[in-house]
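J.: no sequence for this one, just the structure:
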C-alpha cells in the first residue's frame, strides 16, 4: 500500500479569473491568449478533434466541447439561452476542465464564462489580423451584449482599431457598451441602425444572440475590401448573414465539419467553398486575395480555442498564485480500495460502522 | 438593471459524498439508487440520448456522457486507465453536473468516482433482479478491484445474494475485498481461478480492468440458467466474454448504439440479436425465457444512469444538509454586462482602473 496521494485539482472561480485579468491587464490578456490560440492552431494536426455535442431545447442549447493532444485533454460545458437576459441571467455560461491524457486525472477546473468571452474575442482579432485589410482602423460592432466589450478591446489591442460604430436593438446595451469603453482610447459612434454602423467600416463584427435565421448583414451593407467577423451565427437555426453576403465573399472557418452544421454557411450548399483558418496560418491556403475582396470569418467557437484559453488562464493563475484547489476526485491510499472511502474518520469508527452494517 | 442574482451551484466533494452514503447507509443507498434507475429507465422515451464521446490514447480513454430530459441536463466526465493503479492512482475517476434545460445554468457539480461505483453496482443488481433466476443466492465475482465491494453489496441488498466466490489475478485485491466484506452477512470463498469461482454460481459478475480482448468467461464455465453480469467489457478493444458465451445466451444491453461499439457484443456481427433493458422493464420485450436459459447483461455504463445517480445524490445531500456550493458561473447585476466583472472592488478602484487603461 503506497502513501496517500492527494488528487487535488486546480480551481479558478469567476472572481479569481477576473482578478487574473485585472492583474495581467485586459489588453495583455487578450494578446497573450491570441498568441496561445495562434500557436495551437499552427499545430492543428496534433489534436484529436470532433464537432461538439449539442442538446437543443425550445429555450436554447447546451453543448460539450472536447479536444485533446497527446498530453492534455480539455472540455467545455457551455449553454446559449437568448431569453435568459429577460430573467436577469447571462445568455452564455460556461465551465470546463483540463485533464492528463496519460492518467485521466482532472488537473484544472475553471469558470469559462469570462474566459470564453476573452477567447472568442482573441480568436476574432487573430483571424482579422490575418484576413482583414492592413490598416483597418474602423469597426462596426452590431450586437452590444456581453461579448461586445471584449470584441472591441481585442481589435483595439491586436489590430489597432481606434473607431467603433456600434448598434444594438436594445438602446440600454449600446449605452452600457459606450460607458464601458470610455476609459479606453477609442472613438465610439452610437448608430441608429446596423446599416448606419456598417457605413465606411473596414471590419464588421456581428455578435447578436437571437436563436433565429436573422439577417443582420445584407449585401447592400457590404463594401469592397470589408472583413466580416460573424460571431453570433453559431448553432443550427441561428444565422446573421444574408446568403448573398456569403456568396460574394471568401469564407474562412475554424473546423469545417462543425461550421457546416452551426455556422452561417449552414444556409449554403454542402459544397460551398470554405477555407479552414489553420491552413491560412500555416501558408497551406491563401488568405485575402486583394484589397477589394470581401472576407468572412464564420466563427462558431471551436474546442481547440477553449483548450488554448484554459491553458493560458491556468498558467497565469498559477504564476500569480491565484489558483485555488478543489477536491473533485478522491485520493486513495490503495487505488483498488475505493470502498475504504466509506470508512468513517477514526474518532467516530464505532457509531459509523454500525450504520454501515445495519443499513 | 435588476438586483444581483447569485448563480451558486451546489457542490459535492468525494468526502461529502462518502458522508452522504455513511449517513444513508450503504445498502439503503444502493437500493435508493436502483429505485431511481428503474424509474428513469421506465421513462426511456423522455430522454435525449446519444452515445458518449470517447478520446482514446495508448494509456486509456476519457469520455463525456451527456443526457437530458425536458427539465434536466446531465453529463459525466470519466476516464479509464488500467495502468494507473501501478502509480497509486485509481483506474476510474469521474465528476459531472446537472443543469437546467430551461436556462442552461449549472445546478449541481459533483464528484462521480464513488457515485459511479454505486450506480454501476445498483444498475447491475437492478438488471439481475429482472433477468436472473429467482432464488439466485451465489455469485462469482471475478475482478476484485475498486468496483467489486459495490457489486457484492448491491447484489446482497437487492437480490439477497449471500455467498460470493471471488477471484482476481492480484491476490492482494482478493484479500482486500474479503476484508472489506467481513462486517457483512456474506459467505466469501476465495478461489484459485475464474473457473473455480464460476462453479455452481447462479450469477457470474466480471469486473476486470484490462483494456484488452480478454476471455474471462469461456463457454466451459457457463452452466444452464446462469446470469452473467459483464461489467468490465466497456470500450472498443476491451472485452471479457468469449463469443461462444454470447452466442449461447440471451443478451440484454443498456443503449444498443453505444453497446454495439463498446460492449462485449463488439465481437459479434452487427445483426447479433440483443434486447434493450428498458423494453424488458416496461414489458415490451421478454426477459428470461426459462430457468435453463443463460442471460447476459452486457453492461457498459450509460449516461442515463449518471443522470439518475446525480439526482439521487443531489437530493440526499440537500436533505442531509451536506450540500456545499461552488462559484462556477458569475452572478451579474446586468446579464449583458459581463465586462463589469472586471471592475475592481470599490476600495481599490483608482489603482485597478489605471491597470485596465494602461494594459
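T.: Arrived safely. Quick caveat, the model's predicted, so the values are computed rather than measured. Residues are numbered from 1 along each chain as shown, chains lettered A, B, ... in the order given.
J.: what about the helices in the stretch 1-150 of chain A?
T.: Secondary structure of the stretch 1-150 of chain A (DSSP state H, counting those that start in this stretch): helices at A:14-24, A:26-42, A:113-131, A:148-159.
J.: next one: the stretch 151-300 of chain A
T.: A:171-181, A:194-198, A:243-247, A:256-262, A:277-281.
J.: how about those in a markdown table, adding distance to chain B, mean pLDDT and mean neighbour count?
T.: Heads up, the C-betas are built off the backbone N, CA and C, glycines and all. Shown next, in a markdown table, are the helices of the stretch 151-300 of chain A (distance: least, Cβ to the nearest Cβ, whole Å; pLDDT from 0 to 100; neighbours: other Cβ atoms under 10 Å in any protein chain shown):
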| stretch | distance to chain B | mean pLDDT | mean neighbour count |
| --- | --- | --- | --- |
| helix A:171-181 | 5 | 97 | 18 |
| helix A:194-198 | 18 | 98 | 20 |
| helix A:243-247 | 26 | 97 | 18 |
| helix A:256-262 | 13 | 94 | 19 |
| helix A:277-281 | 20 | 98 | 20 |
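J.: to residue B:146, which of those helices lies closest?
T.: Each of the helices of the stretch 151-300 of chain A has some distance to residue B:146 by Cβ to Cβ; the shortest is helix A:256-262, at 36.2 Å.
J.: as TSV, the helices of the stretch 151-300 of chain A with distance to residue B:16 would be great.
T.: TSV is the format used below for the helices of the stretch 151-300 of chain A (distance: least, Cβ to Cβ, whole Å):
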stretch	distance to residue B:16
helix A:171-181	39
helix A:194-198	51
helix A:243-247	51
helix A:256-262	37
helix A:277-281	43
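J.: just send the helices of the stretch 1-150 of chain A back as TSV, with distance to residue B:199 too.
T.: As requested, the helices of the stretch 1-150 of chain A are exported to TSV (distance: least, Cβ to Cβ, whole Å):
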stretch	distance to residue B:199
helix A:14-24	58
helix A:26-42	56
helix A:113-131	57
helix A:148-159	67
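J.: need those in CSV (columns: mean pLDDT).
T.: What follows is these, written out as CSV (pLDDT from 0 to 100):
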stretch, mean pLDDT
helix A:14-24, 97
helix A:26-42, 98
helix A:113-131, 98
helix A:148-159, 98
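J.: make JSON lines from those and add distance to chain B and mean neighbour count to it.
T.: What follows is the helices of the stretch 1-150 of chain A, written out as JSON lines (distance: least, Cβ to the nearest Cβ, whole Å; neighbours: other Cβ atoms under 10 Å in any protein chain shown):
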{"stretch": "helix A:14-24", "distance to chain B": "4", "mean neighbour count": "21"}
{"stretch": "helix A:26-42", "distance to chain B": "4", "mean neighbour count": "20"}
{"stretch": "helix A:113-131", "distance to chain B": "5", "mean neighbour count": "25"}
{"stretch": "helix A:148-159", "distance to chain B": "4", "mean neighbour count": "25"}
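J.: of all the helices of the stretch 151-300 of chain A, which one comes closest to residue B:182?
T.: When these are compared by Cβ to Cβ, helix A:256-262 sits nearest residue B:182, at 53.5 Å.
J.: residues contacting that closest one, please?
T.: Helix A:256-262 is contacted by residues A:51-52, A:54, A:233-236, A:238, A:253, A:265-266, A:270, A:274, A:276, A:298, A:300, A:302 when judged by Cβ atoms under 8 Å, 6 or more residues apart in numbering or on different chains.
J.: distance between that helix and the chain's centre?
T.: The chain centroid and the centroid of helix A:256-262 are separated by 16 Å under Cα atoms, centre = their mean, to the nearest Å.
J.: how near is the residue lying closest to residue A:208 once chain neighbours are set aside to residue A:190?
T.: Distances taken as Cβ to Cβ, 6 or more residues apart in numbering or on different chains place residue A:143 nearest to residue A:208, at 3.7 Å, with adjacent residues excluded. Remark: distance between residue A:143 and residue A:190 (Cβ to Cβ, to the nearest Å) = 14 Å.
J.: these two: who's more crowded?
T.: Neighbour count, other Cβ atoms under 10 Å in any protein chain shown: between residue A:143 and residue A:190, residue A:143 has more, with 27 against 17.
J.: residue A:232 contacts residue A:141, doesn't it?
T.: No - the criterion here is Cβ atoms under 8 Å, and residue A:232 misses it with residue A:141 at 11.5 Å.
J.: out of these two, which sits in the more crowded spot?
T.: Neighbour count, other Cβ under 10 Å: between residue A:232 and residue A:141, residue A:141 has more, with 30 against 27.
J.: so the more buried one makes contact with residue A:198?
T.: No - contact criterion Cβ under 8 Å: residue A:141 and residue A:198 do not qualify, at 10.2 Å.
J.: any shared contact partners between the two?
T.: Joint contacts of residue A:141 and residue A:198 (Cβ under 8 Å, 6+ apart) are residue A:165.
J.: coming back round to it: overlap in contacts, residue A:232 and residue A:141.
T.: What both residue A:232 and residue A:141 touch, as defined by Cβ under 8 Å, 6+ apart, is the set residue A:207.
J.: apply the buried test to the contacts of helix A:256-262 and list what passes.
T.: A:51-52, A:54, A:233-235, A:238, A:253, A:265-266, A:274, A:276, A:298, A:300, A:302 (16 or more other Cβ atoms under 10 Å in any protein chain shown).
J.: quick revisit: how much space between the residue nearest to residue A:208 and residue A:194?
T.: 9 Å.
J.: what do these two both touch?
T.: Counting by Cβ under 8 Å, 6+ apart, the shared contacts of residue A:143 and residue A:194 are residue A:216.
J.: against residue B:237, how distant is the closest residue to residue A:291 other than its chain neighbours?
T.: Residue nearest to residue A:291 in three dimensions, not counting chain neighbours: residue A:225, with 5.2 Å by Cβ to Cβ, 6+ apart. Distance, residue A:225 to residue B:237, by Cβ to Cβ: 53 Å.
J.: which of those two has more neighbours?
T.: More crowded of residue A:225 and residue B:237, by other Cβ under 10 Å: residue A:225, with 16 against 12.
J.: who touches that one in this structure?
T.: Contact partners of residue A:225, counting by Cβ under 8 Å, 6+ apart, are A:133, A:202, A:291-294.
J.: same thing but at 6 Å, please
T.: A:133, A:291-292 (Cβ atoms under 6 Å, 6 or more residues apart in numbering or on different chains).
J.: try residue A:150
T.: A:117-118, A:121 are the contacts of residue A:150 under Cβ under 6 Å, 6+ apart.
J.: repeat that with 8 Å
T.: Contacts of residue A:150 (Cβ under 8 Å, 6+ apart): A:30, A:117-118, A:120-121, B:338-339.
J.: so which residues make contact with stretch A:246-253?
T.: Stretch A:246-253 is contacted from outside by A:127, A:131, A:219, A:222, A:228, A:259, A:263-265, A:267-268, A:272-277, A:280, A:287-289, A:293-298, A:300, using Cβ under 8 Å, 6+ apart.
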